[in-house]
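> Predicted coordinates and the sequence they were generated for:
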Amino acid sequence: MTDKKKLNGLMAGFILGGLAGGIIALLYAPKSGKHLREDIRGRTNELIDEGRKKANDTWSAAREKAESTFESANDFLNTGVEKVARKAEKIKEALRPEHNALYEEV
């Protein structure tokens with residue numbers, strides 16, 4: 001019988017403590033639930049907008065870097081092709097007299 005009284009007393013203590021804590025929390029709450037939810041919603045929307053802006057900025061920077069790299073590679077390739085074409089022309093001109101001489105002999 002003493003165990004049952006202890007258990008009932010413990011349960012009553014938990015219930016009364018919970019009620020007292022709830023009342024104190026409501027009395028000292030800085031805002032009502034509606035206002036608090038509005039603040040949370042507003043801050044969440046701000047964070048989402050900031051995240052989208054940062055994602056767009058990052059994507060734009062990556063795109064610009066990729067375009068710059070592509071242009072540099074294209075310029076490098078074109079310069080290389082031009083160098084090869086000039087060297088090939090020089091070789092062709094250097095071999096032209098021998099080529100003509102070879103055909104004259106035949």
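Received it, and whenever you're ready, just let me know what you need.
> only C-alpha atoms for contact and neighbour calcs from this point on.
Fine.
> host element of the residue nearest to the spatial centre of the chain?
Residue closest to the mean C-alpha point of the chain, counted by Cα atoms, centre = their mean, is Ala55 at 5.0 Å. Using DSSP states H and E, Ala55 maps to helix 33-105.
> for the record, mean pLDDT for that helix?
Averaged across helix 33-105, the pLDDT comes to 85.
> Pop the domain breakdown of this structure in here.
1-30, 31-105 (automatic domain parsing).
> Give me the phi and psi angles of Lys31.
The phi/psi pair for Lys31 (degrees, to the nearest 10) reads phi -140, psi 160.
> Pull the number of nearby residues for it.
12 (other Cα atoms under 10 Å).
> and it, what does it touch?
By Cα atoms under 8 Å, 6 or more residues apart in numbering, the contact list for Lys31 is empty.
> where's it relative to Ala25, distance?
11 Å (Cα to Cα, to the nearest Å).
> Check Thr44 too.
24 Å.
> likewise Asp3?
Asp3 sits 33 Å away from Ala25, taking Cα to Cα as the criterion.
> Compare these two and say which one has the larger neighbour count.
Ala25 (11 against 8).
> host element of the more buried one?
Per DSSP H and E, Ala25 falls inside helix 2-28.
> In PDB, list the C-alpha atoms belonging to stretch 49-57.
Taking C-alpha atoms only, stretch 49-57 is exported to PDB below (Å, rounded to 0.1, in the frame of the first residue of the first chain):
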ATOM      1  CA  ASP A  49      16.200  33.400 -50.400                       C
ATOM      2  CA  GLU A  50      19.800  33.800 -49.200                       C
ATOM      3  CA  GLY A  51      20.500  30.200 -50.100                       C
ATOM      4  CA  ARG A  52      19.100  30.700 -53.600                       C
ATOM      5  CA  LYS A  53      21.100  33.800 -54.100                       C
ATOM      6  CA  LYS A  54      24.300  32.200 -53.000                       C
ATOM      7  CA  ALA A  55      23.600  29.200 -55.300                       C
ATOM      8  CA  ASN A  56      22.900  31.500 -58.200                       C
ATOM      9  CA  ASP A  57      26.100  33.500 -57.500                       C
END
